[in-house]
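Undergrad: just need the structure, nothing else, for what follows:
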Amino acid sequence: MIEVTRLDGTVYWVNPHQIEYMEANPDTTLIMLSGKRLVVREDRRTIMNSIIEYRRQIGAFKNEE
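TA: Numbering: from 1, shown residues only. As a prediction, this is how the structure comes out:
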């Protein structure tokens, strides 16, 4: 799970494998596989780095190298 912050300051965690794509217009919006849209404070680079770190922690890159 990666930590994200809603615009109202609420911190919560999402499963990065459920993110279909991101938009930055100007707020970062995560569009989930379910169709739900999550607007977060973090910029797209921070989200991408969080996903990469999460995948390293669970060993996901071992099968991709």
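
Undergrad: C-alpha from now on. contacts and neighbour counts both.
TA: OK.

Undergrad: can you tell me the average pLDDT over stretch 32-48?
TA: When the per-residue pLDDT values of stretch 32-48 are averaged, the result is 97.

Undergrad: can you give me the buried ones in the helix or strand encompassing R45?
TA: Assigned by DSSP states H and E, R45 belongs to helix 44-57. The neighbour-count criterion (16 or more other CA atoms under 10 Å) identifies R44, I47, S50, I51, Y54, R55 as the buried residues of helix 44-57.

Undergrad: wait, doesn't the fourth one sit right on V14?
TA: No: proximity of I51 to V14 does not meet the contact threshold set by CA atoms under 8 Å, at 10.2 Å.

Undergrad: give the residues shared as contacts by these two.
TA: When contacts are counted by CA atoms under 8 Å, 6 or more residues apart in numbering, the set common to I51 and V14 consists of I2.

Undergrad: circling back to that earlier point, what's the closest of the buried residues of helix 44-57 to T10?
TA: If you rank the buried residues of helix 44-57 by distance to T10 using CA to CA, I47 comes first, at 16.1 Å.

Undergrad: that closest one: what's it in contact with?
TA: When contacts are taken as CA under 8 Å, 6+ apart, I47 is in contact with V4.

Undergrad: now do E42
TA: By CA under 8 Å, 6+ apart, the contact set of E42 is V4, T5, T28.

Undergrad: hang on, the second one in a helix?
TA: Spelled out, it's T5. No: under DSSP: H, G, I helix; E, B strand; the rest coil, T5 falls outside any helix and is assigned strand.

Undergrad: okay, now it: neighbour count?
TA: Other residues lying near T5 total 15 when counted by other CA atoms under 10 Å.

Undergrad: for it, give the beta-bridge partners.
TA: Under DSSP bridges, the beta-bridge partners of T5 are V11.
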